[in-house]
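Engineer: Sequence and predicted structure, then a few things I'm wondering about:
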Amino acid sequence: MIKTNCAKLNTWVKMWADIMQPEKVVLCDGSDAEFTRLMDECVAEGLAKKLDDKKRPNSYYFQSDPSDVARVEGRTFICSRKKEDAGPTNNWMDPKEMKKILIGKYTGCMKGRTMYVIPFSMGPLGGPISQLGVEITDSAYVVGSMKIMTRMGAGALKLIEEKNDFIPCIHSVGKPLPEGLKDAKWACAPIDDKYIVQFPEEHEIWTYGSGYGGNALLGKKCFALRIASKMAQEEGWLAEHMLILKLTKEATKETKCVCAAFPSACGKTNLAMLIPTIPGWKVETIGDDIAWMKFDEEGNLRAINPEAGFFGVAPYTSAKTNKNALDSCSKNTIFTNVGLTPDGDIWWEGIGYDCPKGTIDWKGNIVNDPASRDADENPVAHKNSRFAAPAANCPGIASDWESPKGVKVDAILFGGRRPNTVPLVHEAEDWAHGVFMGSIVGSEVTAAAIGLKAGVRRDPFAMLPFCGYNMGDYFQHWIDMEKLPQAKGGKNLPKIFFVNWFRRDKSNKALPAGFLWPGYGDNSRVLAYIFDRCNGQGETVDTPIGKVPAKGAINIEGLDSCWNEKTMEQVLSVNVDEWKDEVERIEEHYAKFAGHLPKELSDRLAILKQRLGM
Ligand code: GTP
Ligand code: SPV
Ligand code: MN
C-alpha cells in the first residue's frame with residue numbers, strides 16, 4: 001500500500017485497493033524516467049510501439065479497441081441528488097443507485113493489474129486558480145497521458161499533503177486480467193458497460209470501461225469541466241470549454257487575450273495556434289481546450305489553462321493548417337489511432353504528404369495501395385485520432401502561459417460549424433446579449449463523440465456534454481457574472497463575439513469544399529478586427545442579430561481570388577428568412593429549460609423576434 005503524508009489519500013487508496021483488488025499499487029512520481037519506463041513496458045507487452053527515436057524522440061503509438069475511440073455521451077451521467085439539478089441536457093441517475101452499480105463493477109476489476117495512483121494539479125502548482133486531484137487507474141496509457149496533460153507527480157503530491165485534500169477521480173478500464181493470460185492490445189468494456197459518472201455535489205468522478213481521451217484522462221473533461229463548472233457556480237467563477245490566445249499588434253506591442261468556445265472538433269486547437277497570414281500580427285498560445293476564469297483583486301477577469309498538454313485532433317493537422325500543432329508533436333508525444341508508417345513514424349489524412357505504402361492503419365491493417373483508399377469512408381487514421389503533446393513543445397506558446405494568476409481576458413468568442421445562417425463574425429450589444437449568443441451555439445456534429453445523429457445540434461457554450469449541473473442554471477450563472485461587484489456593471493467584462501468559419505456555398509465551385517471563408521491562418525483577419533473593436537475602432541453595421549463588420553472593415557488583401565468582395569458580402573450577410581427559422585429552433589431549444597431559463601435570455605429572444613418582424 002502507499003504511504004504519503006496525506007491521511008485522506010492513504011485511507012482512500014486503501015479503500016479502493018480493497019474493492020478493486022489490484023496485484024500491486026504504485027504511487028506515480030511524474031518523472032520523465034517513470035514515463036519512459038511505463039511506456040517501454042507497454043511496448044514490451046505488445047500494447048504500444050515506440051516511434052523511431054530519431055524522427056520522434058521519446059514518442060509512442062497506441063491503437064485503441066474499435067469500440068473505444070471517443071467520448072461516450074450516452075454513457076455519461078451527472079448524478080446529483082435531485083434529477084432537476086442535472087437538468088434537461090444531462091443523463092441522470094440517483095447517486096446511491098449509481099454507486100451501487102459501480103461498486104459492483106469495481107469489485108475485483110483490477111485483478112491481475114497494477115493500480116496507479118496519480119496526484120495531479122490542474123493549473124500551475126499552487127496557483128490561486130489551480131485545483132488538485134488524484135486519479136487511480138489500471139492503465140499505463142492513462143498514466144503516460146496524464147503526465148503530458150497535467151502537472152502530475154511529486155510536486156502535486158506535496159501540495160495535496162499540505163492541504164490534506166484533493167478531488168477524487170476513479171478510473172478502471174473494466175477488464176480484470178486473469179492469471180496466465182496475455183493482455184488485450186487495448187483493454188476496455190463493451191460500449192453499454194462504460195460509465196462516465198460525475199457526482200457534482202461531492203466533487204467526485206467515477207469512470208469505468210473506457211481507456212480513451214476524456215473518458216479516462218479524468219483531469220480533462222470530467223474534472224476541469226463537469227466538476228469544475230459546478231465548483232465555479234458555487235464560488236463565482238467560470239470553467240469553460242475554451243481556448244485562450246494572446247494577440248499582439250506588433251506596431252504598438254499592444255496585446256489582447258481572447259477566449260473562444262467552439263464545440264469539440266470545431267477549431268479550438270487551430271485557432272489557439274494560428275499563424276497570422278496578415279503582416280503585423282502575432283498569435284501566441286495559452287491553452288487549446290479549457291479555460292478557468294476568475295476575477296482578481298483589481299477586478300480583472302483572468303484566465304488560466306488548467307492543462308499542461310494538448311490532446312489534439314490529428315487528421316488535417318499539417319504544416320500548412322497548423323504548423324505549431326505539428327511541431328508540438330515532434331517529441332515526447334503519445335499518438336492514438338493514427339497510421340503507423342513502415343519507417344516508424346505516424347501518418348494521417350491531411351498531414352500534407354502522401355501515405356507511404358505499407359503504412360498500418362488505425363485498425364492494424366496494412367495499406368498496400370494508399371491512392372485507392374477512400375479518406376472519408378475508410379480513413380487510415382480514425383477521424384477522432386489524437387496526439388497528446390506537451391504544451392511546452394509548442395513553438396508559439398506564450399511566455400506567460402504558466403502564469404499562476406492567469407491572463408486578463410479582453411474578448412470572448414462563441415462559434416460552431418454552421419453551413420448557413422450564421423455570419424463570419426457578429427458582436428454582442430451587451431453582456432446579456434453575449435450570454436444569449438453563447439446559449440444558442442449550434443454545430444454540425446463531429447467524430448469527437450460516439451453515436452450522435454448527423455446534422456446541427458444545439459451545443460450551448462460548447463458545453464452540452466460538459467456542464468456538471470442544470471444548463472438553465474448555468475445560463476443564469478453567466479448572466480450573474482455581470483452582477484458581481486468586480487464586474488462594475490459589465491465595464492470589467494470582456495466583449496463578446498460570435499464567429500463562424502464554416503459557412504458554405506456549395507454552388508460556387510471555385511471555393512474549396514464550398515467554404516465561403518478560407519479559415520485557419522486567415523482567421524487572423526477576423527482576430528485583427530476583433531482587436532480593433534476592443535479598442536472602440538473598426539466600423540460596424542447594425543443588423544437584427546447584432547453588429548457585423550462594415551464593408552472593408554475586415555482586411556482581405558492577399559487572399560486567393562476565389563475569396564473576394566462578393567464572397568465577403570455573402571459570408572457576412574444576415575438572411576432574415578434563415579434567422580426566422582433559427583428563432584424557431586432556438587424556441588424549441590429554450591423550451592427544454594422551462595423555469596430554469598433566465599428572464600434575460602427570453603427577453604433577448606423577444607427583441608430578436610421583434611427585429612425580424614416575427
Ligand atoms: P477538440 O479537441 O475536440 O475540443 O477540438 P478543437 O475544437 O480543438 O478542434 P480542432 O482545432 O482540432 O479542429 C478540428 C477540425 O476542424 C480539424 O479537422 C481542422 O482541420 C478543422 N478546422 C479548424 N479550423 C478550421 C477553419 O478555420 N476552417 C475550416 N474549414 N476547418 C477548420
Ligand atoms: C473534446 O471532445 O472536446 C475533446 C476530446 O477535447 S476529449 O478529451 O476526448 O474530450
Ligand atoms: Mn475539447
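Structural biologist: Cool, got the structure. Just so we're clear, the structure is a prediction, and the values are computed from it rather than from any experiment. Residues are numbered from 1 along each chain as shown. Ligands and ions are numbered 1, 2, ... in the order given.
Engineer: Could you use CA atoms for every contact and neighbour count after this?
Structural biologist: Will do.
Engineer: For the residue in the stretch 401-550 of the chain that ligand 1 sits nearest to, give me phi and psi.
Structural biologist: Nearest residue of the stretch 401-550 of the chain to ligand 1, counting by Cα to the nearest ligand atom: residue 519, 3.3 Å away. Dihedral pair for residue 519: phi 70, psi -160, per degrees, to the nearest 10.
Engineer: How about the contacts made by the closest residue to it other than its chain neighbours?
Structural biologist: Sequence neighbours aside, residue 501 is the residue nearest to residue 519 in space, at 5.7 Å (criterion: Cα to Cα, 6 or more residues apart in numbering). Going by Cα atoms under 8 Å, 6 or more residues apart in numbering, residue 501 touches 416-417, 424, 517-519, 523.
Engineer: Tell me which two of those sit farthest apart.
Structural biologist: Farthest pair in these (Cα to Cα) is 416 and 518. Separation: 15.4 Å.
Engineer: Show me what the biggest helix by length in the chain is packed up against.
Structural biologist: Longest helix of the chain, by residue count under DSSP state H: helix 576-591. Contacts defined by 3 or more Cα pairs under 8 Å, 6 or more residues apart in numbering; DSSP states H and E place helix 576-591 against helix 599-611.
Engineer: can you list the residues of the stretch 301-450 of the chain near ligand 2?
Structural biologist: Within the stretch 301-450 of the chain, the positions lying close to ligand 2 (Cα under 6 Å from any ligand atom) are residue 448.
Engineer: Report how many residues lie close to the one residue in the stretch 301-450 of the chain that gets nearest to ligand 2.
Structural biologist: Nearest residue of the stretch 301-450 of the chain to ligand 2 (Cα to the nearest ligand atom) works out as residue 448 at 4.7 Å. Close neighbours of residue 448, defined as other Cα atoms under 10 Å, add up to 21.
Engineer: ok, it - contacts?
Structural biologist: Per Cα under 8 Å, 6+ apart, neighbours of residue 448: 70-71, 264-265, 384.
Engineer: Could you do residue 88 as well?
Structural biologist: Residues in contact with residue 88 (Cα under 8 Å, 6+ apart) are 470-471, 592-593.
Engineer: Please indicate which of the residues you listed has the highest neighbour count?
Structural biologist: residue 471 (26 neighbours).
Engineer: Got the confidence number for it?
Structural biologist: In this model, residue 471 is scored at 98, pLDDT.
Engineer: Check the gap between it and residue 171 for me.
Structural biologist: Here the criterion is Cα to Cα, to the nearest Å. By it, residue 471 lies 26 Å from residue 171.
Engineer: Just want the angle from the longest helix of the chain to helix 599-611.
Structural biologist: Interaxial angle, helix 576-591 versus helix 599-611 (axes from the mean of the first three to the mean of the last three Cα atoms, to 10 degrees): 160 degrees.
Engineer: out of the contacts of residue 88, what pair is the most spread apart?
Structural biologist: For these, the maximum inter-member distance is 10.9 Å, found between 470 and 592 (Cα to Cα).
Engineer: so where do the helices sit in the stretch 351-500 of the chain?
Structural biologist: All helices of the stretch 351-500 of the chain, identified by DSSP state H, counting those that start in this stretch, fall at 431-439, 471-481.
Engineer: Of those helices, which stretch is the most buried?
Structural biologist: Stretch with highest mean neighbour count among the helices of the stretch 351-500 of the chain: helix 431-439 (a mean of 24; mean count of other Cα atoms under 10 Å).
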